[in-house]
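Visitor: Please find the sequence and the predicted model below.
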Amino acid sequence: MKKSIRGRLKAKTQADKDSIVKSINKYELWKLDTQDFTGDETAEPSFNFEAWVNTETDKNNLFSDMKKKVDELSGEIDWHDCTHDEKEKKPCKIAEKYEKKVN
């Protein structure tokens, strides 16, 4: 079962985005999806990602690294056990969430 770490961070520059991806790429990934969200009437622009890792250790370390990025840039992250690649798929259930809002 894969571990999914998802985030929506307020990366204002390409250097911010590159820093996020560099931190994620330190780990052995099953898959990484990234997307720029330009915002709408209710949301600010953000850099979104979902990274899947294979081990609990990598999940714990990556989630810890991404908490630092949330504290630095603001936004939110979460993680869950992901069964999309398993024979018996189950709905995703968020196990932990971490966020920092800008005032």
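Guide: Perfect, thanks for sending it.
Visitor: And the contacts of the helix or strand that contains Asp16?
Guide: Under the criterion of DSSP states H and E, Asp16 resides in helix 14-24. With Cβ atoms under 8 Å, 6 or more residues apart in numbering as the contact definition, helix 14-24 has outside contacts at 7, 9, 11, 32, 34, 36, 47, 49, 51, 62, 65-66, 69, 73. No exception for glycine: its C-beta is placed from N, CA and C like everyone else's.
Visitor: Go through those residues and name the one nearest Lys90.
Guide: Comparing the contacts of helix 14-24 against Lys90 with Cβ to Cβ places Ala51 closest, at 19.8 Å.
Visitor: Doesn't that closest one lie inside a helix?
Guide: No - secondary structure of Ala51 (DSSP: H, G, I helix; E, B strand; the rest coil): strand, not part of a helix.
Visitor: wait, doesn't it sit right on Ser4?
Guide: Yes - between Ala51 and Ser4 there is a contact under Cβ atoms under 8 Å: 7.3 Å.
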